[in-house]
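Visitor: The sequence and its predicted three-dimensional model are supplied below.
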Amino acid sequence: MRFTTLHDRGEIEPLPEITIESLLAPARALAERIVAIEAYWDGDSFGWHAALVAIIERPSQQHSRFDEVHLGLLGQADTDDIATARAVAEALGVPFHFTQPERADIDLPRWWDTTERDGLADGPVDEILP
């Protein structure tokens, strides 16, 4: 069943409003250094949505150097959602990455697959321009 159907029946609570502060709170609680904020498409039985994650320096199953920490969902990644995500990155002083906001796809390059990460090898994050 779709989220809206379950919501209309009163079977689930609505998702909390997405705000800059609600996305910043889990990011600021991290002990690891955040090197980027990334949005990427994901899908489930409810449809497509954009996940927002903090990229941190810590090996993971997905990458030998970087890991992701979920911050929240951006819904359909419209202009307001993307502006909110950019504001989160700006508040943290790190770059924002979203490979293809205009079309949902799960087989797109991640931030750690791009050249944006190359400046991290020798210098601090603030040397990377968003």
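Guide: Here it is on my side, so go on.
Visitor: and residue 120, what pLDDT?
Guide: What the model reports for residue 120 is a pLDDT of 62.
Visitor: which residues are in contact with stretch 72-92?
Guide: With Cβ atoms under 8 Å, 6 or more residues apart in numbering as the test, stretch 72-92 has contacts from 15, 18-20, 22-24, 26-28, 34, 36-37, 39, 41, 48-52, 54, 71, 95-96, 98, 101, 130. Backbone N, C-alpha and C define where each C-beta goes, glycine included.
Visitor: Now restrict those residues to buried residues only.
Guide: 18, 23-24, 27, 34, 36-37, 39, 41, 49-52, 54, 71, 95-96, 98, 101 (16 or more other Cβ atoms under 10 Å).
Visitor: List the ones among these that fall in helices.
Guide: Among the buried ones among the contacts of stretch 72-92, the ones falling in helices (DSSP state H) are 23, 24, 27.
Visitor: Could you dump those into JSON lines with distance to residue 11 and pLDDT added?
Guide: Listed next are these as JSON lines, based on distance: Cβ to Cβ, whole Å; pLDDT from 0 to 100:
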{"residue": "23", "distance to residue 11": "27", "pLDDT": "94"}
{"residue": "24", "distance to residue 11": "31", "pLDDT": "96"}
{"residue": "27", "distance to residue 11": "31", "pLDDT": "96"}
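Visitor: Turn these into JSON lines, including distance to residue 84.
Guide: Below are those laid out as JSON lines (distance: Cβ to Cβ, whole Å):
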{"residue": "23", "distance to residue 84": "7"}
{"residue": "24", "distance to residue 84": "10"}
{"residue": "27", "distance to residue 84": "13"}
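Visitor: Among those residues, which one sits closest to residue 112?
Guide: residue 27 (17.4 Å; Cβ to Cβ).
Visitor: how far away is that closest one from residue 55?
Guide: Using Cβ to Cβ, to the nearest Å, we find residue 27 at a distance of 11 Å from residue 55.
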